[in-house]
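[1] Give the three-dimensional model of this entry:
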Amino acid sequence: MSDEEHQFESKADAGASKTYPQQAGTIRKNGYIVIKGRPCKVVEVSTSKTGKHGHAKCHFVAIDIFTAKKLEDIVPSSHNCDVPHVNRTDYQLIDISEDGFVSLLTDNGNTKDDLRLPTDEALLTQIKDGFAEGKDLVVSVMSAMGEEQICALKDIGPK
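    The predicted model follows:
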C-alpha cells in the first residue's frame with residue numbers, strides 16, 4: 001500500500017448526472033420532466049387505458065422552465081423518463097453591468113458574475129427599478145441541466 005496522501009480537487013456536482021430516470025406513470029402534475037432535451041415543469045398529465053397491445057400511455061403537457069415554451073410528449077407509462085435535477089438558490093444582488101450581466105453575492109462571500117438578466121420583461125423591470133432605488137434585492141436562480149436563470153425576486157428592504 002502507498003503511504004502518500006492523495007489530493008482531490010472538489011467539484012460542486014461531483015460529476016453527477018444532469019437527469020435521473022423515473023417511471024412515466026409516477027410523474028405527476030407540478031413535477032419535472034425532460035422533453036426534447038429541455039427541462040420542463042409538468043402542467044398536465046393524462047393517462048390512456050391499455051390498448052390492444054398492452055401499454056397504457058401517459059400524455060404530458062409541460063412548460064420549459066427557462067424559455068416558457070409549451071412542449072408535449074406521449075410515453076408508455078411503464079417506460080422510464082428523464083427527470084432533471086432542479087435547484088433553486090437565492091443570491092443577493094450586488095450590481096448590474098451595462099452589458100446585461102448581474103453580479104451576485106453567494107453564501108460563502110464570493111461573487112457570481114456569469115448570469116444574465118432575465119428575459120421576462122416584468123421581472124427585468126422589477127430588478128432594474130428596485131436596484132435603481134437602492135433596495136437590497138435577493139434573486140432566486142433556478143438551475144437545471146447545466147443552465148441557470150434568474151426566476152424570482154425578493155425585496156429585503158432598503159440598504
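[2] lowest-confidence helix or strand of this structure?
    Between all helices and strands in the chain, the lowest mean by mean pLDDT, DSSP states H and E belongs to strand 147-158, at a mean of 80.
[3] Over to stretch 80-100 now: how far is its first residue from its last?
    End-to-end span of stretch 80-100 (CA to CA, to the nearest Å): 39 Å.
[4] any idea how far it is from the chain center?
    Between the centre of stretch 80-100 and the centre of its chain there are 7 Å (CA atoms, centre = their mean, to the nearest Å).
[5] Okay, buried residues for it please.
    For stretch 80-100, the neighbour count (16 or more other CB atoms under 10 Å) marks C81, D82, V83, P84, Y91, L93, I96 as buried. The C-beta positions use only the backbone N, C-alpha and C, and glycine is treated the same way.
[6] what's the answer for stretch 108-127, then?
    Going by neighbour count (16+ other CB under 10 Å), the buried part of stretch 108-127 is L115, L117, P118, L123, Q126, I127.
[7] Could you find the closest non-adjacent residue to the second one?
    The shortest distance from L117 to any residue that is not its chain neighbour, by CB to CB, 6 or more residues apart in numbering, is 5.1 Å, and that residue is G100.
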